[in-house]
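*Asks:* Task: produce atomic coordinates for the following.
(one chain, ligands or ions: 2)
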Amino acid sequence: MSARTVPILPCPESAAIAFTPSASGHPLEAPQITNISPTTQKHLRIAASHLHASRLVAFPTETVYGLGANTLDPTATAKVYALKGRPSDNPLIVHVSSLRMLRSLIPQDQQQISDVYLALIDSFWPGPLTLLFPARNPPRPPPAPQTIGIRLPSHPLARALITEADLPISAPSANSSGRPSPTSAAHVFADLGRKGAEPVLGSRGEVLDETRMLGCILDAGPCDVGVESTVVDGTQWSTDPTGTRLLKVLRPGGVGVEQIEKVVAAVDDKLGFLGTDRTKVWVYGRDPPMDSSASKASAPVIHSPRPQSTASSITSQPEIHNPSTPGMKYKHYSPSIPVYLLYPTNTFPANPLQHSTAANPDKPEEVWKHIADQLVAARADSTTANTQSPRTLRFGLMAFNDSPLSSALRTPANDARTVTYMCGEGTVEITTEIKSLGRTEEDAARALFRDMLAFEGSPAISTRVEADAPEALAESTSSQSRSHTESAIAASPGVDAIIIEACSEKGVGLAVMERVNKAVGGGGTGEGLGIRGTSGQQKRFWVDTGM
Ligand code: TXA
Ligand code: MG
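*Replies:* Ligands and ions are numbered 1, 2, ... in the order given. Prediction:
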């Protein structure tokens with residue numbers, strides 16, 4: 001008998017779901033759904049009933065697919081941590097559909113939204129921006145965050161689900177902890193489709209709940225942005241003359257830092273803040289760590305009154321603070337195969353790699369041979385016989401359209417090219433397959449996780465339709481649902497190495513490079529980034545494309 005799996009419910013015409021802005025007050029005060037297709041409406045109702053019954057629902061957002069639980073139901077949010085294998089100190093982002101819902105989550109005496117947050121909301125909500133607010137019920141004692149990250153997503157199906165369920169939804173990306181984020185329903189299914197269908201067990205293995213943890217996966221096709229939201233902490237920002245005007249971008253994401261800086265500058269202009277009174281935007285991965293005792297050049301301007309220096313504060317070590325989200329310290333976005341990063345000379349004329357002594361860039365074929373040597377050595381180490389060096393290797397290259405790098409590695413007629421090198425004792429044949437990152441940073445963001453997951457290959461999983469499921473667990477039996485699932489998860493072999501062409505850190509490019517660097521290993525953007533990965537092997541190369 002095949003194992004039970006979670007149903008995928010198709011939600012056709014999601015893009016056409018419309019919302020009427022609130023007639024009075026802010027347009028996002030309490031928008032209402034109009035115009036939704038009957039199938040999508042039916043499937044949203046099923047999903048909402050799962051949420052009300054403490055089950056999880058995977059749903060698309062404009063960034064990545066989320067694994068949603070009712071924020072107000074600790075039994076449900078505990079299942080998110082259990083199903084993902086997520087560390088318990090990593091808080092979840094809460095998704096809301098209205099400002100009214102947002103206010104229900106923050107303390108009664110702090111309902112006033114700051115000018116800078118209002119401007120960011122007006123510019124980027126609905127959209128891929130998460131803002132930290134003071135939490136009504138701080139979940140854990142300090143130093144755990146006493147804040148709650150909230151966003152109003154722009155994906156019409158996500159907004160409709162929150163509106164239909166009339167619940168705030170806590171949702172991390174719908175992947176097992178540490179894996180690349182899913183950008184399609186098939187990705188979610190391949191990762192959680194089987195585990196999510198299991199009954200809920202207690203710590204001694206006893207059955208706590210006969211029903212599956214993950215009620216369903218809503219499918220509205222691929223995500224538009226492809227990397228997660230930008231997380232911003234503006235909780236210390238105030239217009240008070242003695243207050244702090246600091247905004248911290250804790251995680252780069254779908255909204256570019258330059259866009260945020262523009263909005264913030266307009267707020268400063270409007271309020272007449274000049275010189276050192278202007279808001280400092282500090283960005284994790286771009287700016288040096290904040291050093292509370294350092295010169296003004298690297299430290300953000302803090303407007304709060306400083307305590308008088310004391311003997312102990314003078315002699316103590318300066319506090320170097322590099323704030324990010326709790327989640328940023330964990331291993332992330334890692335496919336199960338090695339990932340390499342290439343900086344081509346046509347876009348990086350100067351060596352961008354810190355800790356590199358190489359005066360000259362490597363030729364592409366030298367890099368290919370270097371990677372092959374590493375893989376051959378790793379295979380030899382892992383086989384006891386030590387004689388079974390691989391004769392063939394498959395490389396998956398993610399490169400920009402028609403970039404000199406991809407041209408150098410492509411045959412005129414084909415997107416794959418095979419070359420033979422001497423490696424160790426014998427020859428090795430390398431076939432390089434190319435997937436396009438498109439032309440822009442936005443294209444690269446959309447392709448990044450999708451193509452990493454595709455190059456990694458997918459396991460063979462078959463679906464089973466439960467014939468007599470109760471209403472709340474009802475399956476979609478439409479052929480569209482099943483054929484989509486089956487075709488998307490047919491087994492495909494993975495490549496031996498994923499090789500990614502670097503992009504600029506402009507706009508969403510900063511988030512792309514932060515995710516890529518995590519996948520390569522050895523530190524995020526700007527964190528003393530070296531040429532080596534966590535394995536100690538060279539994982540980053542500066543490549544001469546001859547231009
Ligand atoms: O685009 C997104 O943000 C996606 C979709 C599903 O909305 N969600 C997402 O969630 O990426 P997750 O859990 O994979 O990442 C959330 C990040 C983590 O790094 C977490 O530490 C941080 O946000 N975070 C959440 N609440 C926080 C808080 N109160 N203070 C600081 N960081 C917080
Ligand atoms: Mg995640």
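*Asks:* Enumerate the residues of the stretch 151-300 of the chain near ligand 1.
*Replies:* 171-173, 228-229, 231, 250-251 (C-beta under 6 Å from any ligand atom). C-beta: built from backbone N, CA, C; applies to glycine.
*Asks:* any idea of the pLDDT on S22?
*Replies:* At S22, the model reports a pLDDT of 88.
*Asks:* and it, how far is that from ligand 1?
*Replies:* As judged by C-beta to the nearest ligand atom, to the nearest Å, S22 and ligand 1 stand 23 Å apart.
*Asks:* which element is that residue on?
*Replies:* Counting by DSSP states H and E, there is no helix or strand that carries S22.
*Asks:* Not counting its neighbours along the chain, what's nearest it?
*Replies:* What sits nearest to S22 in space, not counting adjacent residues and going by C-beta to C-beta, 6 or more residues apart in numbering, is E29, at 3.9 Å.
*Asks:* Now do the one you found against ligand 1, distance only.
*Replies:* 22 Å.
*Asks:* now swap in A265 and tell me
*Replies:* Distance from A265 to ligand 1, by C-beta to the nearest ligand atom: 24 Å.
*Asks:* what helix or strand is that residue on?
*Replies:* Short version, using DSSP H and E: A265 is in helix 257-271.
*Asks:* Show me what the helix or strand that that helix is followed by is packed against.
*Replies:* Using DSSP H and E, the helix or strand that follows helix 257-271 in sequence is strand 280-283. Helices and strands touching strand 280-283, by 3 or more C-beta pairs under 8 Å, 6 or more residues apart in numbering; DSSP states H and E, are strand 246-251, helix 257-271.
*Asks:* what about the first one, average pLDDT?
*Replies:* Across strand 246-251, pLDDT averages out at 96.
*Asks:* quick one: that strand to helix 257-271, angle?
*Replies:* Put simply, strand 246-251 runs at 160 degrees to helix 257-271, going by axes from the mean of the first three to the mean of the last three C-alpha atoms, to 10 degrees.
*Asks:* Name all residues that make contact with the residue in the chain positioned nearest to ligand 1.
*Replies:* In the chain, no residue comes nearer to ligand 1 than G327, which is 2.3 Å away by C-beta to the nearest ligand atom. Contact partners of G327, counting by C-beta atoms under 8 Å, 6 or more residues apart in numbering, are 90, 251.
*Asks:* isn't there a helix covering it?
*Replies:* Yes - under DSSP: H, G, I helix; E, B strand; the rest coil, G327 sits within a helix.
*Asks:* Please report how far it lies from P87.
*Replies:* Counting by C-beta to C-beta, to the nearest Å, the separation of G327 from P87 is 9 Å.
*Asks:* picking that back up, of the helices and strands packed on strand 280-283, which stretch is the most buried?
*Replies:* strand 246-251 (a mean of 24; mean count of other C-beta atoms under 10 Å).
*Asks:* ok, residues contacting that one?
*Replies:* Identification of contacts with strand 246-251 by C-beta under 8 Å, 6+ apart yields 116, 130, 132, 228-234, 236-237, 257, 260, 264, 279-284, 286, 300-302, 323-325, 327-328, 511, 514.
*Asks:* tell me which parts of the chain are close to ligand 1?
*Replies:* 61, 63-64, 66, 90-93, 128, 130, 132, 145, 147-149, 171-173, 228-229, 231, 250-251, 325-328.
*Asks:* From those residues, list just the buried residues.
*Replies:* Listed as buried from the residues of the chain next to ligand 1 are 61, 63-64, 66, 90-93, 128, 130, 132, 145, 147-149, 171-173, 228-229, 231, 250-251, 325, 327-328; burial here means 16 or more other C-beta atoms under 10 Å.
*Asks:* just checking, which of those residues belong to strands?
*Replies:* 66, 130, 132, 147-149, 231, 250-251 (DSSP state E).
*Asks:* and the two most separated of the residues you listed?
*Replies:* The span of these, defined through C-beta to C-beta, is set by G66 and T147 at 19.4 Å.
*Asks:* who's in contact with the spatially most central residue of the chain?
*Replies:* In the chain, the residue lying closest to the centroid (C-alpha atoms, centre = their mean) is E228, at 3.7 Å. Applying C-beta under 8 Å, 6+ apart to E228 gives the contacts 63-64, 128, 173, 181, 251, 253-254, 511.
*Asks:* go with 10 Å
*Replies:* 61, 63-64, 66, 93, 128, 130, 172-173, 181, 251-254, 327, 333, 445, 449, 511, 515 (C-beta atoms under 10 Å, 6 or more residues apart in numbering).
*Asks:* In helices, which of those residues fall?
*Replies:* Among the contacts of E228, the subset assigned to helices under DSSP state H consists of 445, 449, 511, 515.
*Asks:* mean confidence score for whichever strand in the chain runs longest?
*Replies:* Secondary structure of the chain per DSSP E: the longest strand is strand 426-436. Throughout strand 426-436, pLDDT has a mean value of 90.
*Asks:* That strand pairs with which strands, and in what direction?
*Replies:* Here strand 426-436 is paired, per DSSP bridges, with strand 392-399 (parallel), strand 416-423 (antiparallel).
*Asks:* Okay, buried residues for the first one please.
*Replies:* By neighbour count on 16+ other C-beta under 10 Å, the buried set for strand 392-399 is 393-399.
*Asks:* and which of those residues is nearest S458?
*Replies:* G396 (13.5 Å).
*Asks:* Setting the sequence-adjacent residues aside, check what's closest to that closest one.
*Replies:* F455 (3.4 Å).
*Asks:* any idea of the mean pLDDT for the helix or strand harbouring that neighbour?
*Replies:* Using DSSP H and E, F455 maps to helix 441-456. For helix 441-456, mean pLDDT is 96.
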